[in-house]
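1. no sequence for this one, just the structure:
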Ligand SMILES: [Mg+2]
């Protein structure tokens with residue numbers, strides 16, 4: 001199964017980073033990448049494609065406007081089948097616990113360990 005990822009982060013540099021680091025998986029047709037630079041923009045993108053073509057959201061937590069936690073809550077309420085992975089510079093138990101309580105499927109600290117992320121994406125793609 002091809003994974004369609006929506007990466008949400010207010011730092012626009014992440015687009016280049018993810019495009020570079022996931023280049024092999026993209027080239028092999030295993031993933032397709034979409035980007036949003038705010039929670040609001042992410043929700044707009046999801047609404048444009050009903051049923052959502054996105055299979056997995058990877059979201060930053062700390063963003064101006066809608067936080068990653070707010071986005072997570074709305075996505076889990078409106079698109080319960082969609083998986084959400086939180087990515088955060090706060091690598092601490094409290095943030096991870098809150099993310100899991102709100103329904104996050106996974107929690108990855110920043111800077112992203114792309115080798116580990118790829119392994120997780122491969123196992124999701126096999127589901
Ligand atoms: Mg941020």
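-> Yep, that arrived. Computed from a predicted structure; not experimentally measured. Numbering: from 1, shown residues only.
2. now the helices: where do they sit in the chain?
-> Ranges of helices within the chain are 13-21, 23-27, 39-48, 68-78, 93-101, 114-125, based on DSSP state H.
3. of those, which approaches the ion most closely?
-> Closest to the ion of these, according to Cβ to the ion: helix 68-78, at 8.0 Å. Using the backbone N, CA and C atoms, a C-beta is placed for each residue, glycine as well.
4. by mean pLDDT, show me the worst of the helices of the chain.
-> Across those, the stretch with the lowest average pLDDT is helix 114-125; it has a mean of 89.
5. any buried residues in that one, and which?
-> Neighbour-count burial for helix 114-125 flags 114, 117-118, 121, 124 (criterion: 16 or more other Cβ atoms under 10 Å).
6. now for it, which elements pack on it?
-> If you count contacts as 3 or more Cβ pairs under 8 Å, 6 or more residues apart in numbering; DSSP states H and E, helix 114-125 packs onto strand 3-8, strand 106-109.
7. quick one: distance of that helix to the chain centre.
-> Put simply, helix 114-125 sits 13 Å off its chain's centre (Cα atoms, centre = their mean, to the nearest Å).
8. now stretch 74-82
-> On the basis of Cα atoms, centre = their mean, stretch 74-82 is displaced by 13 Å from the centre of the chain it belongs to.
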